[in-house]
Structures are given as C-alpha cells and as structure tokens.
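Visitor: fold the stuff below for me.
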Amino acid sequence: MADGRQKTRPPGKVLHITSLANPVVKEIRGLALPKNRRASGQFVAEGQKLVTDAIEAGWTIRRLVHSARVADDAQVGRLAATARTRGGDVVVVSEAVLAKMTRRENPQTVIGVFDQHLTRPAAIRPGPDAVWVALEQVRDPGNLGTIIRTVDAVGAAGVILVGDTVDPFSIEAVRATMGSIFHVPLARATPEEFARMIAAWPGTSVGTHLAGTVDYRTAGYRGPVLLVMGAEQSGLSPELAAACSTLVRIPQAGKADSLNLAVATGVMLFEIRREALKLDG
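Guide: Modelled structure (predicted):
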C-alpha cells in the first residue's frame, strides 16, 4: 500500500464478463468498503478522465474496466492497450454489470482499479519553499478531495492526514479531487508521529483557530510552511493548536459562524503561496 507507482509486470489479460455473480465484479464492488481498500491496498477511479490522469501519472493499474458499448472508441482502446502493457487486465462488461460495479444508475463507461500510494511521514523532507497541509480528523470526503485539488492548484507540496482522517481513496474523495490525487503526495501519520514532525518542523507551522490573534493576511510565513487545519466541527485539537508556532484567524463580516473547511484551507493556501502565483504574461 505504500507505493502505487508503476512497476514492470507481465502483460495483462482481456476478460469478457456478463455475469453479475462473477468474482471480479464482487471484488471491484467490495472496494467501496474501507476495510477492503485497506486489505487490498487498491481503490477505484471512475471515469475516462480520472483513469487517463492516473495512467499518465504512472500509477499501477490492476484492472481497466469498460463497457462493450465503447470498445471501438479510440481513446478507450489506447487506455486498454497501455493497461495491458503495464500488466493490468482489461475487463469488458455489459452496461448492467458496470452499473453493479459502480453502484450507480448512470455509471461511467470506464473505471480503473489502481494501487494506492502513500508517502511515509519519515520520508518527508520539505524544501525551503515547500508548503505542506496537515489535516486533523477530517470527516467529509468531499472536503478532503477539494483540499487535495486546491493543494495541486497552488503548487503546494502535499497533504498529511493526521489521526482518524477520512480515506482519500474513497470513491467520493477521489471524484472530488478531479484527478489531483494522482499528482499530490499524500502521507498518513498517527497523532504521535505528527507531534514529532511538527516539533521538528524547520519553518513556520501555522494553524487557523478562533483563539488566533493574528490576521492571516499579516502573518509571516517563513518557509517551509506547515498549514495545520482541524476537523469540520471541532477545529484544531488543543494539542495541535498549542504545537503550532503561529495561530491565525480569517476575518468575517456576516452572520455565518464559520467557513467550510475546504474554503478556509483554500483561502490560507492562496495567501501563503501569493508570491509564487503569477498570471501568465
């Protein structure tokens, strides 16, 4: 599960499946459950764009599934040929079987099964200008996926999932990343591992917190920056808030009592990366 990058394997097979009871169908359906993703170290990406992004980024593909209806599509043919060359099986199925695999009435015509890829926390060596985002016990897969997408958009270095944070390889989270999950390094750390990491962080560790007295627009972000964001409902734990070198607050003027986590993370990231982000031309 630690490394989902492409490795050399024998060419894959082509399978034609018409039965809903086929073991391959059951196996792929089972990846909707977190326990099966953990046990297998695999996950599902739905849709031609996501599958293409993963293959182009070099992620190890185990199975490429497409409906018989698109068997003659040129792009699908190229994806299938690449998958087989890299050792992945190509599975051709009926619309009914594909709908069963994806649990959707209007399924995508292409899905892929890939190996997960996680970076070990101990392997993170931030460069002087790097920005990493740490997320503590985030529960919503849509928020997590949107944050990963935003990290990609601003050119930040990666995301560290602290404690009991939602699985980034769930269907919902992967879909929300819009393909950025294949370009943003992810690490998972226990609270104890992260406590050691933040204590030794060589630059600024900054958290957003209601107790923050510094306007996020005036804070100093000496690199490398570790942006620490808390859970949707409870925010940062007292332990992580105390561990941050700086606590900031995002000013608000309306009646809302808080910002959505993904929005708040995006606001912070665009401020921290302000000098690095320039319009072309």
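Visitor: tally of neighbours for residue 14?
Guide: Other residues near residue 14 come to 10 when the count uses other C-beta atoms under 10 Å. Glycine gets a C-beta too; all of them are placed from N, C-alpha and C.
Visitor: make 50 the starting number, not 1.
Guide: Sounds good: first residue 50 from here, last item residue 63.
Visitor: got a list of what it touches?
Guide: Neighbour list for residue 63: 129, 133, 138, 139, 140, 141 [criterion: C-beta atoms under 8 Å, 6 or more residues apart in numbering].
Visitor: and the pLDDT at it?
Guide: pLDDT for residue 63: 94.
Visitor: same check on the one 10 residues further on?
Guide: The score at residue 73 is 95. That number is its pLDDT.
Visitor: next: the one 3 residues further on.
Guide: pLDDT, residue 76: 95.
Visitor: check which element follows whatever helix or strand it lives in along the chain.
Guide: Per DSSP states H and E, residue 76 falls inside helix 72-79. Sequence order places helix 83-89 as the next helix or strand after helix 72-79, per DSSP H and E.
Visitor: quick check, central residue of the chain?
Guide: Nearest residue to the geometric centre of the chain (C-alpha atoms, centre = their mean): residue 230, 3.9 Å.
Visitor: tell me who's in contact with that one.
Guide: Applying C-beta under 8 Å, 6+ apart, the residues contacting residue 230 are 194, 197, 217, 218, 222, 223.
Visitor: who wins for neighbours among the residues you listed?
Guide: Within the contacts of residue 230, neighbour counts (other C-beta under 10 Å) peak at residue 197, which reaches 29 neighbours.
Visitor: just to check, residue 131 is in contact with residue 103?
Guide: No - with contact defined as C-beta atoms under 8 Å, residue 131 does not reach residue 103; the gap is 10.8 Å.
Visitor: with neighbour numbers in mind, choose between those two.
Guide: Neighbours per residue, other C-beta under 10 Å: of residue 131 and residue 103, the larger number sits with residue 103, 25 against 16.
Visitor: once you drop chain neighbours, what's closest to the more buried one?
Guide: Nearest residue to residue 103 in three dimensions, chain neighbours excluded: residue 231, at 4.9 Å (C-beta to C-beta, 6 or more residues apart in numbering).
Visitor: residue 255 too?
Guide: Take residue 255 and drop its neighbours on the chain: the residue closest to it by C-beta to C-beta, 6+ apart is residue 295, 4.5 Å away.
Visitor: ramachandran angles for the one you found?
Guide: The phi and psi values for residue 295, taken as degrees, to the nearest 10, are phi -140, psi 140.
Visitor: what's the burial count for it?
Guide: When neighbours are defined as other C-beta under 10 Å, residue 295 has 19 of them.
Visitor: which ones are touching it?
Guide: Per C-beta under 8 Å, 6+ apart, neighbours of residue 295: 253, 254, 255, 256, 263, 268, 269.
Visitor: selection in ChimeraX covering whichever of these are buried, please.
Guide: The buried residues among these can be selected in ChimeraX (16 or more other C-beta atoms under 10 Å) with this line:
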select :253,254,255,256,268
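Visitor: nearest to residue 169, of the contacts of residue 295?
Guide: Lowest distance from residue 169 to those (C-beta to C-beta) belongs to residue 254, with 19.6 Å.
Visitor: what is the least confident helix or strand in the chain by mean pLDDT packed up against?
Guide: None of the helices or strands of the chain scores lower by mean pLDDT, DSSP states H and E than helix 144-151, at a mean of 88. Other helices and strands packing on helix 144-151, by 3 or more C-beta pairs under 8 Å, 6 or more residues apart in numbering; DSSP states H and E, are helix 72-79, strand 110-116, strand 159-164.
Visitor: dump those to CSV, plus distance to residue 290.
Guide: As requested, the helices and strands packed on helix 144-151 are arranged in CSV below (distance: least, C-beta to C-beta, whole Å):
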stretch, distance to residue 290
helix 72-79, 39
strand 110-116, 41
strand 159-164, 36
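Visitor: format those as a markdown table; extra columns: distance to residue 317 and mean neighbour count.
Guide: Below are these laid out as a markdown table (distance: least, C-beta to C-beta, whole Å; neighbours: other C-beta atoms under 10 Å):
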| stretch | distance to residue 317 | mean neighbour count |
| --- | --- | --- |
| helix 72-79 | 37 | 16 |
| strand 110-116 | 34 | 25 |
| strand 159-164 | 30 | 25 |
